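Colleague: starting from these lines, generate the structure:
(chains A and B)
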Amino acid sequence: MKKFFCCAIVVCAVSGVFLSSASASGISIDAGLTPAEDRWIVRTQARYMKRKDDPTHMGREMTTYAFPTVVAYGVRPDFTLLVKQAVMHQDSAMGGSRNKTTGLADLFILGKYKIYRRNTSEYIFGTAATLGMEFPTGAETFTSNTWDLVPGLYASWRSGPWASDLGVSYAWNGFADRGRNNINPGNEFSLDWALAYQFSVGTDARTSIAPVLEVSYKNISPDQRYGHDVSNTGESVLYISPGIKFTKSSFILEGLLQIPVWQDQKGSLLERGAGVIVGVRFMF
Amino acid sequence: MTRYKVSVAVFFVLIATIGCSSTNSDVSALPSGEYETRVYEVFGMGCPGCHGGVEKLIAKIPDVEKAEANWQDKQVAVVIPAGAQLDDEQVWDAVRRSNFTPGERIK
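Modeller: Residues are numbered from 1 along each chain as shown, chains lettered A, B, ... in the order given. Sure, this is the predicted structure:
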């Protein structure tokens, strides 16, 4: 009788947000653990999200596709460098007119530092801190137009078939400058938790499949202009996201369905619909 | 946009094909008389994809022919030419640099 082994896998997902100026963010797999020295990890995704339910009844809708790619490198056992760049496509409709825009999002560079790691025969536990910077290099529709500082703190736990990851991050948008028209995008707070249970496939210890559940909360404060809130900006959203992850040696295929179970949109902001994330990861 | 969707789909299929076609190392396929296999206990490998980092670092040690890790057994097998000199501390150093914790040398 085959014995099913479990390995924890936590899929990154999070509150992949498709605001016009915000890049997707969230828990990275093994968020509290740093990879081996000299380890390369390339991860690319396709993300879909739709905004609708126009409170102004003007028929506004917005569909966003994002294709982020992250390249991570284990510089040292306690330090990992990550670079993320996304290609964005947005399709907006209002009344009978449509507007389609494609371009690059802002470049994001992140450093991840190991704080603590404990490996035993029974469990694995690790914590890591991150510090990232988003540069205003993106296309007009997708850039924040500001230099944004993003600190974060993560923890990961593995025991037998179970794995759990917890992360918190804060995007301090425009911490050193002002945006276009002196408007600074609102700061973003993210809290993410994920739970996974892994099954081996066949007798190959390097092949597995894991169902995943993520819970993500994101709060985006209103945009600011000269110290005052800009109307119709700011939102909070809570996602519950079931997903699945397939691992074959150094290759990982993942998918996630993000379901907004609660949200609070300020003013006339469109409501978020469900989002879909599919991705591949390659390690070498 | 259709062009982008097709490009992304092709990219994913290509990556999936490359990933699924990768073969695992087979330590047992090496001629036993010419090589010696040592087995070390390693803690911290919590998933199927965790083997690559420690295998890569151990394989860089001089005289190491190959390394194969098994996260379920919490072990790594290191193959060296018969009679070669391999300091266990070199293996433990590679394990630590992988963010894992050395256990005992089993074999």
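
Colleague: quick check: chain neighbours aside, which residue is closest to A:Asn119?
Modeller: B:Gly44 (3.2 Å; CB to CB, 6 or more residues apart in numbering or on different chains). Every C-beta, even on glycine, is put in place using the N, C-alpha and C of the backbone.

Colleague: now do B:Glu41
Modeller: Using CB to CB, 6+ apart, the nearest residue to B:Glu41 is B:Gly103, at 2.8 Å.

Colleague: how many residues are close by that neighbour?
Modeller: Applying other CB atoms under 10 Å in any protein chain shown, we find 19 residues neighbouring B:Gly103.

Colleague: re earlier: isn't the residue nearest to A:Asn119 up against B:Pro102?
Modeller: No - using CB atoms under 8 Å, B:Gly44 is not in contact with B:Pro102, being 9.6 Å away.

Colleague: more neighbours: which of those two?
Modeller: A count of neighbours by other CB under 10 Å puts B:Gly44 above the other of B:Gly44 and B:Pro102, at 24 against 20.

Colleague: other SSEs contacting whichever strand in chain B runs longest?
Modeller: Counting by DSSP state E, the longest strand found in chain B is strand B:35-43. Applying 3 or more CB pairs under 8 Å, 6 or more residues apart in numbering or on different chains; DSSP states H and E, we find strand B:35-43 packed against strand B:75-81, helix B:88-97, strand B:101-105.

Colleague: and the angle for that strand with helix B:88-97?
Modeller: Counting by axes from the mean of the first three to the mean of the last three CA atoms, to 10 degrees, strand B:35-43 lies at 40 degrees to helix B:88-97.

Colleague: could you check the distance from the residue nearest to B:Glu41 over to A:Ala36?
Modeller: Per CB to CB, to the nearest Å, B:Gly103 is found 17 Å from A:Ala36.

Colleague: got it, and A:Ile244?
Modeller: Applying CB to CB to A:Ile244 and A:Ala36 gives a distance of 26 Å.

Colleague: which one's more surrounded, these two?
Modeller: For A:Ile244 versus A:Ala36, the count of surrounding residues by other CB under 10 Å is larger for A:Ala36: 24 against 16.

Colleague: excluding chain neighbours, what is closest to that one?
Modeller: A:Ala36's closest residue in space is B:Gly53 (CB to CB, 6+ apart), at 2.8 Å.

Colleague: burial check on that neighbour, number of neighbours?
Modeller: Residues near B:Gly53, counting by other CB under 10 Å: 29.

Colleague: surely it and A:Thr34 touch.
Modeller: No - here B:Gly53 does not reach A:Thr34: they are 10.2 Å apart, not a contact under CB under 8 Å.

Colleague: quick one: low-confidence parts of the chain?
Modeller: Reading this off chain A. Residues of chain A that meet the criterion pLDDT under 70 lie in A:1-30, A:175-180.

Colleague: nope, chain B please
Modeller: Ranges of chain B meeting pLDDT under 70: B:1-32.

Colleague: how about a cut-off of 90?
Modeller: Applying pLDDT under 90 to chain B flags the ranges B:1-34, B:46-51, B:72, B:83-85, B:107.

Colleague: what about A:Phe125, distance to chain B?
Modeller: Noted for A:Phe125: a distance of 10 Å to chain B, by CB to the nearest CB, to the nearest Å.

Colleague: residues touching that residue, list them.
Modeller: With contact set as CB atoms under 8 Å, 6 or more residues apart in numbering or on different chains, A:Phe125 has these partners: A:Gly32, A:Tyr116, A:Arg117, A:Arg118, A:Ala155, A:Ser156, A:Trp157, A:Arg158.

Colleague: just to revisit the earlier point, can you tell me how far the residue nearest to A:Asn119 is from B:Gln90?
Modeller: 18 Å.

Colleague: number of nearby residues for residue 78?
Modeller: In the absence of a named chain, chain A is used. 16.

Colleague: not quite, I wanted chain B
Modeller: If you count neighbours by other CB under 10 Å, B:Val78 ends up with 28.

Colleague: help me confirm that it comes into contact with B:Tyr35.
Modeller: No - with contact defined as CB under 8 Å, B:Val78 does not count as touching B:Tyr35 (10.3 Å).

Colleague: following the chain onward from the longest strand of chain B, which element is next?
Modeller: helix B:51-59 (DSSP states H and E).

Colleague: now that next one - C-alpha only, CSV.
Modeller: Provided in CSV are the C-alpha atoms of helix B:51-59 (Å, rounded to 0.1, in the frame of the first residue of the first chain):
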residue,chain,number,x,y,z
HIS,B,51,17.1,18.7,-2.5
GLY,B,52,18.6,20.8,-5.3
GLY,B,53,20.4,23.4,-3.2
VAL,B,54,22.3,20.9,-1.0
GLU,B,55,23.0,18.6,-3.9
LYS,B,56,24.5,21.5,-5.9
LEU,B,57,26.8,22.6,-3.1
ILE,B,58,28.0,19.1,-2.2
ALA,B,59,28.6,18.3,-5.9
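
Colleague: which among the helices and strands packed on strand B:35-43 is found nearest to A:Gly186?
Modeller: Of all the helices and strands packed on strand B:35-43, it is helix B:88-97 that lies closest to A:Gly186, at 41.1 Å by CB to CB.
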